[in-house]
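Student: Sharing a model that was predicted from the sequence below.
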Amino acid sequence: MNLDDVTRFAQLDSGSMLERIAELPQQCRAAWKLAQELALPSTCGAVRHVVVTGMGGSAIGGALLQGLVREECAVPITVLRGYALPAFVNGPDYLVIGCSYSGNTEETLTAFRKALQRNTRAIAVTTGGELAALAEENGLPLVRFDYTSQPRAALGYSFTLLLGLFLRLGLVRDYSADVEEAVRTMEELQAEVGPRVPQVRNTAKALAERLVGRLPVVYGAGFLAPVANRWKTQFNENSKHWSFFEVMPELNHNAVVGLGIPQAVRDLVTVLMLRSDEDHPRVQVRWVVTQQLLRREGVAVEVLRGRGASKLAHVLSLIHLGDYVSFYLAMLNGVDPTPVETIAFLKQRLAEAEKESKAA
């Protein structure tokens with residue numbers, strides 16, 4: 001496909017994923033405004049540990065928040081992707097934030113119900129569903145937002161709402177200026193990588209072209225580690241494409257040893273390094289040495305850098321770039337970026353298995 005022929009996109013993009021990607025700056029601005037209007041009990045912030053529970057596109061917001069504020073938030077944050085609430089999460093000293101776009105994610109609901117049984121403080125972030133009903137039945141704070149698309153396309157809400165929620169709880173500083181700067185940075189990026197910008201000067205289109213038939217392995221460090229995860233999952237869900245991610249500096253203690261075998265895989269890998277001027281000084285050195293090592297082993301490497309003055313701008317600009325790359329790769333792969341039929345199949349089979357076990 002010729003990525004400069006934008007009329008072809010509509011033939012594949014049945015769910016308007018390209019439009020959803022372009023909405024990210026506006027989502028972040030709207031979510032921040034919504035968060036500032038929340039009425040929350042003051043006791044919700046008087047806790048010694050926060051657990052954010054969610055899956056997939058709803059969990060990534062918690063991971064991004066954790067990475068962004070870990071050096072300033074005096075309260076530890078745990079991101080739970082699963083059913084089992086840790087045993088130590090018990091009583092009113094703990095706050096559990098249930099995040100589910102649909103409100104019907106079974107892992108999130110299971111953990112959230114357990115939190116209620118253990119009398120923790122709890123907040124629900126959702127568009128509705130059973131999670132909203134649980135919050136209303138139990139008189140809990142409910143952060144409800146209106147949006148219709150795939151959960152991964154609602155990142156501006158799932159992440160920025162949590163950041164605003166933490167401000168309202170008195171757990172982090174005021175990020176208003178950072179949010180506005182990040183929005184402007186994303187808008188400027190759109191002007192460079194949007195669909196009507198020719199590939200010859202469009203870094204997102206050019207990168208997608210180089211990734212056709214390749215295996216992207218995304219590297220990130222510190223607050224950009226969850227951004228690397230986001231790139232990986234966007235390649236999986238939007239592009240229907242194999243991808244993995246690694247975390248620096250941990251990858252220097254294992255992954256770099258296994259670069260050569262199997263050679264057939266090594267020859268297909270492209271490592272995408274997500275870097276920031278805010279990375280730890282020693283990590284900055286590690287990036288340089290690791291890049292030299294990869295190239296010595298014959299592994300293709302691409303370096304992508306965050307934009308803007310703040311960590312938040314670096315996070316969101318790299319996410320926005322990755323979303324566009326995943327869309328263009330979907331077009332080149334000849335697939336519709338919106339449907340996730342495999343996940344729908346899994347949910348159907350899980351529901352059937354539950355019915356069968358009850359009938360047995």
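Tutor: Nice, thanks for sending it over. Numbers count the residues shown, from 1 in each chain.
Student: got any ranges where the protein has weak pLDDT?
Tutor: Applying pLDDT under 70 to the predicted model, the residue ranges of the chain that meet it are 360.
Student: Helix, strand, or coil at the residue nearest in space to the middle of it?
Tutor: For the chain, the residue lying nearest the average C-alpha position, counting by CA atoms, centre = their mean, turns out to be Ile60 (3.6 Å). Using DSSP: H, G, I helix; E, B strand; the rest coil as the criterion, the local structure at Ile60 reads helix.
Student: How about the contacts made by it?
Tutor: Contacts were defined as CB atoms under 8 Å, 6 or more residues apart in numbering; by that measure Ile60 touches 152, 155, 158-159, 226, 229-230, 233. All C-beta spots, glycine's among them, are computed from the backbone N, C-alpha and C.
Student: Mind putting the residues you listed into a markdown table with distance to Ala35 and neighbour count?
Tutor: Below are the contacts of Ile60 laid out as a markdown table (distance: CB to CB, whole Å; neighbours: other CB atoms under 10 Å):
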| residue | distance to Ala35 | neighbour count |
| --- | --- | --- |
| Arg152 | 20 | 25 |
| Leu155 | 15 | 26 |
| Ser158 | 12 | 31 |
| Phe159 | 11 | 28 |
| Pro226 | 20 | 26 |
| Asn229 | 23 | 20 |
| Arg230 | 21 | 28 |
| Thr233 | 24 | 20 |
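Student: Out of those residues, list just those in helices.
Tutor: With helices defined by DSSP state H, the entries of the contacts of Ile60 inside them are 155, 158-159, 226, 229-230, 233.
Student: can you give me the strands for the stretch 51-200 of the chain?
Tutor: Counting by DSSP state E, counting those that start in this stretch, the stretch 51-200 of the chain forms strands over residues 77-80, 94-100, 121-126, 142-144, given from the N-terminal end onward.
Student: how far out from the middle of the chain is the last one?
Tutor: Yep, that's strand 142-144 we're talking about. Taking CA atoms, centre = their mean, to the nearest Å, the mean C-alpha location of strand 142-144 is offset from the chain mean by 20 Å.
Student: Quick one: residues in contact with that strand.
Tutor: Under the criterion CB under 8 Å, 6+ apart, residues 34-35, 38, 123-128, 132, 135-136, 161, 165 lie in contact with strand 142-144.
Student: Tell me the buried residues in that strand?
Tutor: Of the residues in strand 142-144, those buried by neighbour count under the rule 16 or more other CB atoms under 10 Å are 142-143.
Student: ditto for the third one
Tutor: Buried residues in strand 121-126, defined by neighbour count with 16+ other CB under 10 Å: 121-126.
Student: Let me have the contacts of strand 142-144 in CSV, extended by distance to Leu316.
Tutor: As requested, the contacts of strand 142-144 are arranged in CSV below (distance: CB to CB, whole Å):
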residue, distance to Leu316
Leu34, 17
Ala35, 16
Leu38, 21
Ile123, 23
Ala124, 24
Val125, 19
Thr126, 22
Thr127, 21
Gly128, 26
Ala132, 27
Ala135, 28
Glu136, 32
Leu161, 14
Leu165, 17
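Student: Going through the residues you listed, which ones are buried?
Tutor: Among the contacts of strand 142-144, those classed as buried by neighbour count (16+ other CB under 10 Å) are 34-35, 38, 123-128, 132, 135, 161, 165.
Student: export these to a markdown table and tack on distance to Tyr324?
Tutor: As requested, those are exported to a markdown table (distance: CB to CB, whole Å):
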| residue | distance to Tyr324 |
| --- | --- |
| Leu34 | 25 |
| Ala35 | 26 |
| Leu38 | 31 |
| Ile123 | 32 |
| Ala124 | 31 |
| Val125 | 26 |
| Thr126 | 27 |
| Thr127 | 25 |
| Gly128 | 29 |
| Ala132 | 32 |
| Ala135 | 35 |
| Leu161 | 23 |
| Leu165 | 28 |
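Student: Turn the contacts of Ile60 into a markdown table, columns for distance to Thr270.
Tutor: As requested, these are arranged in a markdown table below (distance: CB to CB, whole Å):
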| residue | distance to Thr270 |
| --- | --- |
| Arg152 | 22 |
| Leu155 | 24 |
| Ser158 | 28 |
| Phe159 | 26 |
| Pro226 | 20 |
| Asn229 | 17 |
| Arg230 | 17 |
| Thr233 | 17 |
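Student: Show me how far stretch 162-179 is from its chain's centre.
Tutor: Between the mean C-alpha location of stretch 162-179 and the chain-wide mean there is a distance of 18 Å, by CA atoms, centre = their mean.
Student: swap in stretch 111-130?
Tutor: In terms of CA atoms, centre = their mean, the centre of stretch 111-130 is found 21 Å from the chain centre.
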